[in-house]
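# build me a structure from this.
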Amino acid sequence: MKRLVWLAMLAALVMGGCGASTDAASTRLAAQYGLHLNGAPKSESETVPASLSSVPWDQIQHASRNAGFDLRPYRGQDVTLKTYRLKETLHGGPTTLVVVEREGAVIGAYVVVTDEAGGTYGLKQVEAQL
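Modelled structure (predicted):
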């Protein structure tokens, strides 16, 4: 019984460490562009469509390419979208960073501004406006 408890604790530590490392990667990515995360992310799973020409994936691809990412190799694959609130605001509205991950690796990222004009932006675009 003690062995089972120790194995469960070890598994929890390992899995907790994996989450921490991907969050650390997101923190480093944000900092690289002068952004600061505000709290834990909200995660959701999506499948990258075969065609990146439909909304919202065309915007996600365009904004991700602005930061040097390309989602085309991941078409048809499951990814995780981690949405972080940012401390920064653009155009006076709330701003979020969405990090696209595949098997723990960052494969895309973009910023969403939710003011009346709204919009999806690349990280370099946002950095230039700060």
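# is the spatially most central residue of the chain bridged to anything, and to what?
Note on the chain: the residue nearest the mean C-alpha position is Val99, at 1.0 Å, using C-alpha atoms, centre = their mean. As for beta bridges, Val99 partners with Lys82, Ala109 under DSSP bridges.
# count of neighbours near Ala24?
Residues near Ala24, counting by other C-beta atoms under 10 Å, number 10. To be clear about C-beta, it is placed using only N, CA and C from the backbone, and glycine gets the same treatment.
# quick check: it is in a helix.
Yes. The assignment for Ala24 is a helix, going by DSSP: H, G, I helix; E, B strand; the rest coil.
# how much space separates it from Ser53?
33 Å (C-beta to C-beta, to the nearest Å).
# next: Ala109.
Distance of Ala109 to Ser53, given as C-beta to C-beta: 20 Å.
# and Ala128, by the same measure?
Distance of Ala128 to Ser53, computed by C-beta to C-beta: 26 Å.
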